[in-house]
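Peer 1: Here is my input; please provide its structure:
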Amino acid sequence: MSKPNIIITIDGPAGSGKSTVTKRLAERLGLDCLDTGAMYRVVAWVLRKQNQEDLSGEALTLLIKGLDFTIEGNGPAQKVWIEGKDISQEIRTPEISRLASAMSMKAEVRSVLAEKQRALGKQGGLIAEGRDMGTVIFPRADYKFFLDASLDVRAKRRYKELIQRGQTLSLGEVRQEMEARDRQDQERTLAPLRPAADALVIDTSDFSIEEVVQLICSRIFHGTNASFGDLLPA
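Peer 2: Here you go, the predicted model:
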């Protein structure tokens, strides 16, 4: 059975659960994942590695266009490779998170990555996760969702994730970093973090991942007994 030619967007701040939800939903519906946040992290990692964080203009555009990286999967098990090197853990540090947010404010970065993201979207059968998927990249997506949760809940989730990866930060530090990231994402002039007008906003604070996935599926199937196969072209 071929996958349906649809696009689903899942936006939201860090720690809202969107990566894991996207992964579970993609597995259930037989769709591909697009983790756009990881793409910005790759750019941030490369610029930090090359000590070119202040790079701008045509030089920055050319550097990003020339990057050869692969992102496999979503969620905790995601693998990110660049030129044969596994940087999956290295791009998930608070330092890279901050820099990735700063990179998302640069028009050159957004322009090149948006082009790559839309090219992938043309193939359809995609769940795109990020911060501006439903508002900027895929404004005509078939289904749009925006996941959120209280800052305290999101900080605890991210703290647990970082500890499992062997990083040593206090919960207070993680919360502070996340609060600063939220502010930067929401206040930036270029594609600020916000729900699309036609997105279903879900507060995941008191929901399990499975409950969020179920809620999204019920929205897609309009609360009927339809199966995803009903969305396939005749």
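
Peer 1: can I assume Ile220 is in contact with Tyr143?
Peer 2: Yes. Counting by C-beta atoms under 8 Å, Ile220 does reach Tyr143; the two are 5.6 Å apart. C-beta: built from backbone N, CA, C; applies to glycine.

Peer 1: joint contacts of those two?
Peer 2: Ile8 (C-beta atoms under 8 Å, 6 or more residues apart in numbering).

Peer 1: What's the local residue count around Gly12?
Peer 2: Gly12 has 26 neighbours, counted by other C-beta atoms under 10 Å.

Peer 1: Touching, it and Thr135? I think so.
Peer 2: No. Gly12 is beyond contact range of Thr135, at 12.0 Å (criterion: C-beta under 8 Å).

Peer 1: in the chain, which spans are strands?
Peer 2: Under the criterion DSSP state E, the chain contains strands at 7-11, 32-35, 69-72, 79-82, 85-86, 126-130, 143-148, 200-203.

Peer 1: Out of the ones you listed, flag the one nearest Trp45.
Peer 2: Trp45 lies closest, by C-beta to C-beta, to one member of the strands of the chain: strand 79-82, at 7.7 Å.

Peer 1: Any stretches of this structure with poor pLDDT?
Peer 2: 1-3, 74-76, 223-234 (pLDDT under 70).

Peer 1: just so I have it, where are all the helices in it?
Peer 2: For the chain, the helices defined by DSSP state H cover 18-29, 36-49, 57-65, 94-103, 107-121, 151-164, 171-187, 209-220.

Peer 1: Now mean neighbour count too, for the ones you listed, in TSV please.
Peer 2: Listed next are the helices of the chain as TSV, based on neighbours: other C-beta atoms under 10 Å:
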stretch	mean neighbour count
helix 18-29	22
helix 36-49	22
helix 57-65	14
helix 94-103	19
helix 107-121	17
helix 151-164	17
helix 171-187	16
helix 209-220	16
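
Peer 1: Could you export those helices as CSV, including distance to Ile87?
Peer 2: Listed next are the helices of the chain as CSV, based on distance: least, C-beta to C-beta, whole Å:
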stretch, distance to Ile87
helix 18-29, 16
helix 36-49, 6
helix 57-65, 16
helix 94-103, 9
helix 107-121, 17
helix 151-164, 16
helix 171-187, 20
helix 209-220, 25
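
Peer 1: hang on, the earlier thing: relative to Val174, which of the strands of the chain is closest?
Peer 2: It's strand 143-148; of these, that one is closest to Val174 (C-beta to C-beta) at 17.5 Å.

Peer 1: if you skip the residues just before and after it, what's nearest to Val112?
Peer 2: With C-beta to C-beta, 6 or more residues apart in numbering as the criterion, Val112 has its nearest non-adjacent residue at 4.4 Å, and that residue is Ile64.

Peer 1: Next up, the contacts around the one you found.
Peer 2: Here Ile64 is in contact with 43, 108-109, 112-113 (criterion: C-beta under 8 Å, 6+ apart).

Peer 1: which one of the residues you listed is nearest Arg92?
Peer 2: Nearest to Arg92 among the contacts of Ile64: Val43, at 14.4 Å, using C-beta to C-beta.
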